[in-house]
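Student: Just to be clear, the model below is a prediction. Sequence and coordinates:
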Amino acid sequence: MREKTTWEQFFDAHAPIYDSNVFTGNTVSEVDFLLEELELQPGDSVIDVGCGTGRHSIELARRGYAVTGLDLSAEMLARAAAAARAAEVEVEWIRSDAAQFALPAKYDAAICLCEGAFGLLGQGDDSIDQPLAILCNTSRSLKPGARVVFTVLNGAAMLRKYQNKDVAEGRFDPITMVESSEYPPQEGLPPIPIRERAFVPTELRLLFCLAGMPVVHIWGGTAGNWRRDLLDLDEMEVMVVARKTDEPMPWPTGQRL
């Protein structure tokens, strides 16, 4: 039997309480925002990368869109499927690592929100290869002209959070922009070692371009405060809006910068 990755362990154990997180309470207004940015037509198809318990996927399906939700965690997907049945909507659920999936280029839009996949590194993952693989996989699944919305950890806030002592003691690497910690997936469970990657806007523009999805906008994107406005240096997340081009991707998956 395949050994679970640390993030798979974390989210399988976190799944029962995921929807109680405070940042999950704005789904309807977030989908309103997404529909404006994604420029979708009735019946268009959307892939939700790192869909978790499916709150955005289900709300999009409720509004008539054809949705595929992809996630690493079987427990998250089980809860998503149960929620979709309760809402009486159809969503295609796929269990896969976002850095490894391959789907036909059939989607009209893509979302990857609230650190559902992008920036969540396994213990052996490279800080450039892994996020670039996620972007390239997403790009290959999209029709030309499709728009994407990602929210990712804000590198400026992470740099302002840590001090030289944290670097020396291994909690933060300013070269890779990776934060290493141990965190329990819910109260009463043992902590699990996790690695989270933050990004600055300049490298986001480069990575998205390399994946064939030039950036259209970069805004403040912290859950509960999505807006078309400047990024606050101390806020948790950055929002990236990009568009798939019809040109070949200029950089193959897995090749180092």
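Tutor: All right, it came through fine.

Student: which neighbours does the longest strand along the chain have in its sheet, and in what orientation?
Tutor: Longest strand in the chain, counting residues (DSSP state E): strand 142-153. Counting by DSSP bridges, the strands paired with strand 142-153 are strand 107-112 (parallel), strand 237-243 (antiparallel).

Student: Highest mean neighbour count out of these?
Tutor: strand 107-112 (a mean of 25; mean count of other CB atoms under 10 Å). Glycine gets a C-beta too; all of them are placed from N, C-alpha and C.

Student: For the strands paired with strand 142-153, give me CSV that also has distance to Pro42.
Tutor: Below are the strands paired with strand 142-153 laid out as CSV (distance: least, CB to CB, whole Å):
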stretch, distance to Pro42
strand 107-112, 11
strand 237-243, 20
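
Student: Can I get those strands in CSV including distance to Trp219 and mean pLDDT?
Tutor: Supplementary listing: the strands paired with strand 142-153 in CSV, determined by distance: least, CB to CB, whole Å; pLDDT from 0 to 100:
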stretch, distance to Trp219, mean pLDDT
strand 107-112, 15, 98
strand 237-243, 5, 97
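
Student: Return the set of buried residues in the longest strand of the chain.
Tutor: Residues 142, 146-153 are the ones in strand 142-153 that count as buried (16 or more other CB atoms under 10 Å).

Student: Considering those residues, which is situated nearest to Arg160?
Tutor: Leu153 (12.7 Å; CB to CB).

Student: The closest one against Glu237, yeah?
Tutor: Yes: using CB atoms under 8 Å, Leu153 is in contact with Glu237, at 6.3 Å.

Student: Identify the contacts common to the two.
Tutor: Glu115 (CB atoms under 8 Å, 6 or more residues apart in numbering).

Student: At which residues are the helices of the stretch 1-150 of the chain located?
Tutor: 6-14, 27-38, 55-62, 74-87, 129-140 (DSSP state H, counting those that start in this stretch).

Student: Just tell me which of those ends up closest to Arg227.
Tutor: Comparing these by CB to CB, helix 27-38 comes nearest, at 8.7 Å.
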